[in-house]
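*Asks:* What follows is a protein structure lacking sequence information:
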């Protein structure tokens, strides 16, 4: 009787172990690279199809993503946001080291979801990020229920103290989407 139980237990455990090994060979981890940027989380290849996390993909696309739990639905909205840096009436993309005063001009269109806030930040070559300007739907001139709008910041003085790439980011907060999400970036090189 003990021998029968031992054989049965051995057979059952063999099936579970074999199933786990078989399942691991069906799904393979794959690297996902978008515009030369690799996703932090690897994708999964299953039955010839690659699957990737929606949040990581939306972050690389510079898109708004939000989850509707009642409908079990993920939505991604990719607005077009163009950023220009202006020194007076002259656009620029590179600067000499030191303090510089400038304005940020942004054109937003194809905004398919309502937003309740947006902001602009600047990050130095070491990743230290500072807010330049932020706006919320509580302001009287906030662009509510518009699929496009224009934004010009106030004059902003910043010390480009190091040589390297500085990143200007335009962030939006969707009404149903939780926190701020980056929807556009502009790189400025200081020499």
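*Replies:* Perfect, thanks for sending it. Fair warning: this is a prediction, and the values are worked out from it, not measured in the lab.
*Asks:* CA atoms for contacts and neighbours, from now on please.
*Replies:* OK.
*Asks:* Show the low-confidence segments of this protein, by residue range.
*Replies:* 1-27, 177 (pLDDT under 70).
*Asks:* need the helices for it, in chain order.
*Replies:* 2-26, 54-61 (DSSP state H).
*Asks:* Run a quick neighbour tally on the residue nearest to residue 76 when sequence neighbours are not counted.
*Replies:* Distance criterion C-alpha to C-alpha, 6 or more residues apart in numbering; nearest residue to residue 76, sequence neighbours excluded, is residue 65 at 4.5 Å. Counted with other C-alpha atoms under 10 Å, the neighbours of residue 65 add up to 22.
*Asks:* quick one: contacts for residue 90?
*Replies:* Shown in contact with residue 90 (C-alpha atoms under 8 Å, 6 or more residues apart in numbering): no residues.
*Asks:* should've said residue 174
*Replies:* Residue 174 neighbours (C-alpha under 8 Å, 6+ apart): 64, 113, 114, 115, 116, 117, 180.
*Asks:* Just want the phi and psi numbers for the third one.
*Replies:* Right, the one you point to is residue 114. The phi and psi values for residue 114, taken as degrees, to the nearest 10, are phi -70, psi 140.
*Asks:* Could you measure from it over to residue 46?
*Replies:* To residue 46, residue 114 is 36 Å away according to C-alpha to C-alpha, to the nearest Å.
*Asks:* ok, these two, which is more surrounded?
*Replies:* Shown here are residue 114 and residue 46; by other C-alpha under 10 Å, residue 114 has more neighbours (17 against 13).
*Asks:* Double-check the more buried one against residue 143; I have them as touching.
*Replies:* No. In this structure, residue 114 is not within contact of residue 143 by C-alpha atoms under 8 Å, at 9.3 Å.
*Asks:* Neighbours of residue 81, how many?
*Replies:* With other C-alpha under 10 Å as criterion, residue 81 counts 20.
*Asks:* In space, what's closest to residue 74 - neighbours in sequence excluded?
*Replies:* Spatially, and ignoring its direct neighbours in sequence, residue 74 is nearest to residue 67 (4.6 Å; C-alpha to C-alpha, 6+ apart).
*Asks:* quick one: that neighbour and residue 55 touch, right?
*Replies:* No. At 10.1 Å, residue 67 and residue 55 do not qualify as touching, with contact defined as C-alpha under 8 Å.
*Asks:* Relative to residue 69, how far out is the most centrally placed residue in the chain?
*Replies:* By C-alpha atoms, centre = their mean, the chain has its centre lying nearest to residue 59, at 2.1 Å. As for residue 59, its distance to residue 69 is 20 Å (criterion: C-alpha to C-alpha).
*Asks:* Pretty sure residue 131 sits against residue 118.
*Replies:* No. With contact defined as C-alpha under 8 Å, residue 131 does not count as touching residue 118 (10.9 Å).
*Asks:* how about residue 99, what does it touch?
*Replies:* Shown in contact with residue 99 (C-alpha under 8 Å, 6+ apart): 157, 158, 159, 160, 161.
*Asks:* My read is that the third one contacts residue 102, right?
*Replies:* No. Using C-alpha under 8 Å, residue 159 makes no contact with residue 102, being 11.2 Å away.
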